[in-house]
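> Here is the input, now give the coordinates:
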Amino acid sequence: MNTDPRSDLLRYYSRYYWPGVVDLSSSNPPPVPLDIEPASHIEPGELSYVPPSGCENLRQAIANHYETVEPGELLITAGASEALAAIALSLVRRGDVVVVDRGSYPSFVEGARTAGGEILRSAVPVRGAKIAAACNPSAPDGQLVNLDAYLARAESCGAIAVLDEVYRDLVHDGVPAPAAVDRSATAVSVGGLSKPLGMGGLRIGWIATHHRELRERFDRQLQLLSGGPASLSARAAVAAFQCHERTVAATLERVRANSGPVYRVLDAAGWRYSRPVAGLTLEARPPAPATLAGEERVRKAGMFLVPGEMYAAPGAYRISLLAEPGMLGQALEFLAEPFPPCQ
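Here you go, the predicted structure:
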């Protein structure tokens, strides 16, 4: 097993991220306060078990953000990460070919590998694949997938299309990105509250699909993993959806205001990148390869950057559109410093 932290997003965060560090690669907006009534009292029934197919009012709130999804076609998960793991573990069998795009989250990739799947990195579905998984918008470069073409190719290849759509609401100009579940009777859409609302601590995600047999298999796997969402998290998530639209609008306004200064910092340092159309990050490459010593200088200064190795883009870095421009400029200077002279 590859234990290099630069090749795995979760391992890299575990090794180098700590409370108080300035995350210049952050893919989440800061969370907003929630008003939950009654704030001082929790009824006994609110602490009862909530299965993945439970919490009708939360599933209704989520369904309202799709065009064709009914509450009964949703499963609530302990974050989008669990949703992706459950999909992989319930569908993949030994020897199955699983196509994953380069931004696919580790919980899906490792789940498929644990189940015995053969991982194939590809931006498009291929014939013979059991599952074709991608992010829309893509990560970390924030581009929109040609969804209809992707779904048509997956169907022609006989693959189940799984789209991680956690950034779907965060299109910079225009309406949210289309959902796979709204375009296909068999596709699977995954969402969550971490990316649009910054509420990763609630651990609320979901799976949406019209395919009944797939839902039953996912439900079984979720019962084995967490058993369903925490009841108090589900309660808070209902309140979160009441401020969903204005919170997303505020985040997008911050992105529009801050992305210009971020681009100017990158341009001044000679970095190459494509401007994202969605999401909260971009992928940028320095004019000359940075060194491990430069990365260490960034960390010692209390700042954090995600290398592109884990996105099949060695030499690049994930940059947050919400990064503080002055600190980002300092981090880029640290990366550009040459090796210290030999003593």
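> contacts and neighbour counts: CA atoms only from here.
OK.
> What residues does residue 181 make contact with?
Residues in contact with residue 181, defined by Cα atoms under 8 Å, 6 or more residues apart in numbering, are 68, 69, 187, 188, 189, 208, 209, 210.
> The closest residue to residue 179 other than its chain neighbours in helix, strand or coil?
Sequence neighbours aside, residue 189 is the residue nearest to residue 179 in space, at 6.7 Å (criterion: Cα to Cα, 6 or more residues apart in numbering). What DSSP: H, G, I helix; E, B strand; the rest coil gives for residue 189 is strand.
> for this protein, what's the longest strand?
Secondary structure of the chain per DSSP state E: the longest strand is strand 129-135.
> Any chance you could list what contacts it?
92, 96-104, 123-126, 145, 154, 157-165.
> Show me the helices in the stretch 151-300 of the chain, by range?
When secondary structure is read from DSSP state H, counting those that start in this stretch, the stretch 151-300 of the chain shows helices at 194-197, 212-225, 231-242, 244-268, 292-300.
> Most tightly packed of these?
helix 194-197 (a mean of 25; mean count of other Cα atoms under 10 Å).
> from the chain's centre, how far out does that one sit?
Mean-position distance between helix 194-197 and its chain equals 9 Å (Cα atoms, centre = their mean, to the nearest Å).
> I'd like to know which elements it is packed against.
Other elements packing on helix 194-197 under the criterion 3 or more Cα pairs under 8 Å, 6 or more residues apart in numbering; DSSP states H and E are helix 244-268.
> tell me the angle the helix it packs on makes with helix 231-242.
80 degrees (axes from the mean of the first three to the mean of the last three Cα atoms, to 10 degrees).
> and helix 244-268, how far from the chain's centre?
With Cα atoms, centre = their mean, you get 18 Å for helix 244-268.
> contacts for it?
Taking Cα under 8 Å, 6+ apart as the rule, helix 244-268 contacts 29, 32, 169-172, 196-197, 272, 280, 321-325, 328-329.
> Report how many residues lie close to residue 201.
Neighbour count of residue 201, defined by other Cα atoms under 10 Å: 12.
> ok, residue 162 to residue 304 distance?
Taking Cα to Cα, to the nearest Å as the measure, residue 162 falls 30 Å from residue 304.
> Just grab the bridge partners of the residue nearest to residue 179 for me.
Per DSSP bridges, the residues bridged to residue 189 are residue 163, residue 208.
> Make 11 the starting number, not 1.
Sounds good: first residue 11 from here, last item residue 199.
> quick one: the spatially closest residue to residue 31 that is not a sequence neighbour and residue 300, what's the gap?
Distance criterion Cα to Cα, 6+ apart; nearest residue to residue 31, sequence neighbours excluded, is residue 312 at 5.1 Å. Distance of residue 312 to residue 300, given as Cα to Cα: 18 Å.
> In terms of neighbours, single out the busier of the two.
Set residue 312 next to residue 300 and count neighbours by other Cα under 10 Å: residue 300 wins out with 20 against 15.
> quick one: strands adjacent to the longest strand of the chain?
Here strand 139-145 is paired, per DSSP bridges, with strand 107-110 (parallel), strand 170-174 (parallel).
> hmm, who's touching the longest one?
Where contact means Cα under 8 Å, 6+ apart, the residues beyond strand 170-174 that reach it are 94, 114, 140-146, 161, 164-165, 190, 196-201.
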